[in-house]
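Undergrad: Predicted model and sequence below, questions to follow.
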2 protein chains.
Amino acid sequence: MPPSSKPGSSNKALTRNVGAADKPCKVALIGFGTVGSSVAKILVERRNTHLRLTHILNRNVARKKVDWLPTDVVWTENIDDILSSDADIVVEVMGGLQPTEDWVRRALTSRKSVVTANKQLIAHCGPELIALAGQMQQQIEFGASVAGGVPVISGLHQGLAGDELFKIYGILNGTCNYILSQIESNGVSFATALREAQKLGFAEADPTDDIDGLDARAKLTILARVALHCDVAASSIVARSISPIDALDFENASQLGCTIRQISRAELKDDRLFAAVEPALVQLNSPLARVEGSQNLVMATGIYGGETVFGGHGAGGHPTAVAVVSDILAIARTNEDTTKHAPAKEASAKQAPSRDASRPRQKSPAVTADFVTRHYLRFLVKDRPGIIASLASILAKSEINILSVLQKPNSSKSHLPLLITLEECPTSLVEQALEQINALDFMVQPCLHLPIL
Amino acid sequence: MPPSSKPGSSNKALTRNVGAADKPCKVALIGFGTVGSSVAKILVERRNTHLRLTHILNRNVARKKVDWLPTDVVWTENIDDILSSDADIVVEVMGGLQPTEDWVRRALTSRKSVVTANKQLIAHCGPELIALAGQMQQQIEFGASVAGGVPVISGLHQGLAGDELFKIYGILNGTCNYILSQIESNGVSFATALREAQKLGFAEADPTDDIDGLDARAKLTILARVALHCDVAASSIVARSISPIDALDFENASQLGCTIRQISRAELKDDRLFAAVEPALVQLNSPLARVEGSQNLVMATGIYGGETVFGGHGAGGHPTAVAVVSDILAIARTNEDTTKHAPAKEASAKQAPSRDASRPRQKSPAVTADFVTRHYLRFLVKDRPGIIASLASILAKSEINILSVLQKPNSSKSHLPLLITLEECPTSLVEQALEQINALDFMVQPCLHLPIL
C-alpha cells in the first residue's frame, strides 16, 4: 500500500490535526525489516495521531533508506544516537536476544518507554524488563510478541481482567498450522509439506524453531504470564515436534472425528501449571480445528466468563505492525494523561504508571506436562500373531484402558500401521508403558503418541 | 458458585492484599438482578484487587438482600444515597433509558466514574455521556454493552487501535442465533423455535427487540462508533426481523453452501456508512456460520491487519459481569495512576484523562443499507405457466442478472416455493423490482429477500 503522504514531505503533516498545546509523542524504531517498515508506513499514513517517527536504526542504512518517509527522520546505525535523543518511545522490531536485551535495558534506563514484538526476549526476561520499566517509571508493551495482529495480550490484560482465567489453548505458530493443513488437505508427507511451505515463504530455511515448538513455547510462556499470572521459564515447558505427523495420522484422526494441530496449552490446576506445546488431536467442531493456513487462534477460559476466542493473522508485517502501533498509542495516551495531570516540573520526568497495583500477584508454580487426557497411539509393526495381545497386556498392567483398536486389512506385513486409542489417563503413565512397548522386537519405529483433546 | 468469603464477613477481606498506602477504589452498584449480583459475587470472591463494594441500589431492598456480602455494604432504594456517598465508581446494571440516563448524568456530575452494561443507553446518548464524563474529568466505560463477556470493545479500542478499521460484522444477538440454529438443526417452524427458546429462557416473553433486530442494532451503533469512529443514530440503521425465516430457507441455503444468521454489519465506504441488521445467508466456511446457540462473534477488518475475530458468551450474568469488572479495574488503574502522579491538592478532584487526544476524529457519515451483494429471493406462488418468465422479465428490465433458479418438482400447486438467486447488485435495485413483483396476481405472499454474504 503506497503511503498517502508525498515522498520526502516533512513530519509536520503527521501532526497537523493536533493542537499546538499537544506535544507529539516521538518514536524511534530499531529494525527496519518487514515489521519495522510496516510500522513506519502506518505511522506516516495515519495522520490523525500525534505520533512522530524521529529515528530509524538498522545495519547498512544506506541500503535501507526509503523515499516515502519524512526527510527529518534520522537514519542511524548507532544505538547511542537513539538513547541520547529526545525520543519518548523506542520500538524494538529487530529480534534476537543480543544485543537486543542490552539495548532495551539501556532504553528503559534512558527513561524511554519500549514497545517490542520480540517473543524470545519477553519470554526470556519479560519480568525483569517490566520491573526495570517500573523502576524507571516507564512502560514496556509487547502486544505483538504473541499472535501478531491478534489483540490477545490487550484482550487478556484489559478485556478479561475481571475474570479469573485458568486455561489457555492456542494455535500460535502459523508455519506449523500451514504445514499440518497441507498434509491434511493434500495427503502429502511432512517433508513435502515443509518444502512447499519453505518455497512459499511460510517456513524459514531453518525451520527448527517453528517445527519443534520453540517459537510457540516462547509465546505460551508469555500467555501463561499475562493470562494465568504464572511466571515460568520457557525451558520448563515440554515442546514436541510436529515432524513425525504423516498423512496416515490425519486419516486416523478423521475416523475419530478429529484433526491434528500444533496446540500450545497451559492450565492452572491444584497449584501446578500443566503446559505443553505439541501436535494433538482436536475435535472437528472445536474452533482450534478450524484454524486455516497461517492463522492464529487463542482460547482463554475463565471461571466466570467461560471460553473467549481471539483469532486472526498471527504473523506478517502489517498485522504485526498494527499490534506495535496499538502499543505505541497506549503508551502515548498514558504519557499524555500523566503529563497533563502531573505538575510542570515532574512532567519532564514523564512519570508513567506501574500498572500492577490492582492485578493479581504473579505465581511461580511447578510446571508439568502430565495432562490427563485420552491418547492416540500409532504403531508401525512387523506383523506376526500376538502383537495386539502383547501391547494390550503391557497397557493392562499399567491399568490403562483401551478405547479403540484399528488395524486395516491389506496392509503391508513388514510395515503394518496399527492404531490404538486410550481412555483418559495421565500422560506419564502412557509414556512409561511406551518405554516397554518401544523395546519390543516387532516395533519398526517408536510409537507416535499424541493427546486427544 | 458460592463466594469464598464467609457470609457476613467484613469488607476488609477484600483489601487485605493491598498496602495501607493504596486507598481502595469504592464501587456502588445500581441494579441487583442477574448481572448485578454476578458483579457483586466477583468483587467479593476476587480478593487480590483493591476494589470495595460499598453500596447496592435496587427496588425492594428487603427482598433482594443476600447474606454472602460483607455486612458493611449499604443497601438502598434511594439514588441520592449513592450520589452523596464517597463511591468512586457507579456501576449501572439496571437497564432501561429512564431514570437510568438521568442517574448516570447525575453520577458523572457528582464526579463519579460510571461503568454501564446498558446498550440502549450508550447507543442512544453515548457521545453526550462521554463528553459529560470528559468535562467532569471522569470516565464512562461500557465494555459489557456489546457481546457481553466477549472483550470486543476493549479489543477495538486498545488492541486494534493501531489499525484503520473499515468493516465490522457480527452475530450480536444470542436469542436470534439460538432460534435460527434450532430451525436449522430441527427443521421446525419459526414459531415453534421461538416458543422453545422462550421455554428455555433464551427468549423473553416479549421477544420483539431481539427478533426484530433492535437489540442488535443498538450494539451495532456502539460498534460503529468505537471501531469505525462513526457517530450515527441507531434509528438510521435498517433492522429487519428474522420472523419470516423458515426451515425451507435453511434447505435452500444449504444447497447454496450457506446457512442463515442474523448479521449485524457496518462498512465505511466512500464516506458513507453501509449498515444493517438482518437475516442473511452466510457461507458455511465463514466463522459467522459456526456460531452456535447463544454465542456471539464479532469480525473486525482493518486496512493493515485484515480480519480479527472475537468470540464468546454474549450474554448471561457471569460473562457480562466479567466485562463490567474489567471496566471497573480499568478505571481503578487510571484513578490510581493520576492520583499517584497528580499533586496532593488536585488528587482529591480525581482527574481522569480525556482519552481522545490520540484517537481519530469521530465522523457522522450518511447511513445507507444499499449494500451491493448477491441476493436470495424466495417466492411462494400459485402455479401456472409463465411465472418464471414474468419474474425474469421484471428483473431483466431492472438490469438484474439471475444467478440460479430452483423449482422443485412435486410441490403444491397453490403454494409453490420458488428460489431465485441474483448476481451482485445494489439492494435498492432489487427492492424496486420486488415492489412490482409483489403486486403480481400469482404471488401468495411477499417475496422473502435476503442478502448472500
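TA: Arrived safely, thanks for sending.
Undergrad: Where does the prediction get shaky in the stretch 301-450 of chain A?
TA: Within the stretch 301-450 of chain A, the segments meeting pLDDT under 70 span A:337-358, A:410.
Undergrad: quick one, helices of it?
TA: A:317-341, A:344-347, A:387-397, A:427-438 (DSSP state H, counting those that start in this stretch).
Undergrad: which one of the ones you listed has the most crowded surroundings?
TA: When those are scored by mean count of other CB atoms under 10 Å in any protein chain shown, the highest mean neighbour count falls to helix A:317-341 (a mean of 25). Every residue, glycine included, has its C-beta placed from N, CA and C.
Undergrad: could you check the angle helix B:317-341 makes with it?
TA: Angular relation of helix A:317-341 and helix B:317-341 on a 0 to 180 degree scale: 50 degrees, by axes from the mean of the first three to the mean of the last three CA atoms, to 10 degrees.
Undergrad: Return, as residue ranges, the portions of the stretch 151-300 of chain A with sub-threshold pLDDT.
TA: For the stretch 151-300 of chain A, no range has pLDDT under 70.
Undergrad: can you list the residues of it near chain B?
TA: Residues of the stretch 151-300 of chain A found near chain B (CB under 8 Å from any CB of the partner chain) are A:151-155, A:158-164, A:287, A:290.
Undergrad: ok, what's across the strand from the nearest residue to A:Ile388 once chain neighbours are set aside?
TA: Nearest non-adjacent residue to A:Ile388, counting by CB to CB, 6 or more residues apart in numbering or on different chains: A:Val405, 6.5 Å away. Beta-bridge pairing of A:Val405 under DSSP bridges involves A:Ile420.
Undergrad: quick one: contacts for A:Val405?
TA: A:Ile388, A:Leu418, A:Leu419, A:Ile420 (CB atoms under 8 Å, 6 or more residues apart in numbering or on different chains).
Undergrad: Nearest to B:Asp441, out of the helices of the stretch 301-450 of chain A?
TA: Among the helices of the stretch 301-450 of chain A, the nearest to B:Asp441 by CB to CB is helix A:317-341 (55.7 Å).
Undergrad: packing partners for that closest one?
TA: On a contact count with 3 or more CB pairs under 8 Å, 6 or more residues apart in numbering or on different chains; DSSP states H and E, helix A:317-341 meets strand A:25-30, helix A:34-45, strand A:51-57, strand A:89-92, strand A:113-116, strand A:140-141, helix A:152-154, helix B:317-341.
Undergrad: Buried ones in the helix or strand following the fifth one, by neighbour count?
TA: This points to strand A:113-116. Downstream of strand A:113-116, the next assigned helix or strand under DSSP states H and E is helix A:119-135. Across helix A:119-135, burial judged by 16 or more other CB atoms under 10 Å in any protein chain shown covers A:119-126, A:129-130, A:132-134.
Undergrad: same deal with stretch A:93-104?
TA: In stretch A:93-104, counting by 16+ other CB under 10 Å, buried: A:Val93, A:Met94, A:Gly95, A:Thr100, A:Glu101, A:Trp103, A:Val104.
Undergrad: Okay, now that stretch: how far is its last residue from its first?
TA: 11 Å (CA to CA, to the nearest Å).
Undergrad: which residues are in contact with that stretch?
TA: So stretch A:93-104 is contacted by A:29-31, A:33, A:35-36, A:39, A:57, A:79, A:90, A:92, A:114, A:116-118, A:120-121, A:124-125, A:129, A:140, A:144, A:320, A:324 (CB under 8 Å, 6+ apart).
Undergrad: Now do the contacts for the residue of the stretch 251-400 of chain A found nearest chain B.
TA: When scored by CB to the nearest CB, the stretch 251-400 of chain A has A:Val325 as its residue closest to chain B, at 2.9 Å. A:Val325 sits next to A:Val39, A:Ile42, A:Leu43, A:Arg46, A:Leu51, B:Ala161, B:Gly162, B:Asp163 when contact means CB under 8 Å, 6+ apart.
Undergrad: Can you get me a residue count around the third one?
TA: A count of nearby residues for A:Leu43, using other CB atoms under 10 Å in any protein chain shown, gives 27.
Undergrad: what's near enough to touch it?
TA: Remark: with contacts taken as CB under 8 Å, 6+ apart, A:Leu43 is in contact with A:Leu14, A:Val27, A:Thr49, A:Leu51, A:Arg52, A:Leu53, A:Val325.
Undergrad: now these: which count as buried?
TA: Going by neighbour count (16+ other CB under 10 Å), those have A:Leu14, A:Val27, A:Thr49, A:Leu51, A:Arg52, A:Leu53, A:Val325 buried.
Undergrad: secondary structure class for the third one?
TA: Right, the one you point to is A:Thr49. Following DSSP: H, G, I helix; E, B strand; the rest coil, A:Thr49 is assigned to coil.
Undergrad: Can you read off the pLDDT for it?
TA: As predicted, A:Thr49 sits at a pLDDT of 72.
Undergrad: That one contacts A:Ala332, doesn't it?
TA: Yes. Using CB atoms under 8 Å, A:Thr49 makes contact with A:Ala332 at a distance of 7.5 Å.
Undergrad: Tabulate the helices and strands packed on helix A:317-341 in CSV, adding columns for distance to B:Val188.
TA: As requested, these are arranged in CSV below (distance: least, CB to CB, whole Å):
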stretch, distance to B:Val188
strand A:25-30, 57
helix A:34-45, 49
strand A:51-57, 55
strand A:89-92, 56
strand A:113-116, 53
strand A:140-141, 50
helix A:152-154, 38
helix B:317-341, 27
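Undergrad: Between those, which one is closest to B:Phe371.
TA: Among the helices and strands packed on helix A:317-341, the nearest to B:Phe371 by CB to CB is helix A:34-45 (27.0 Å).
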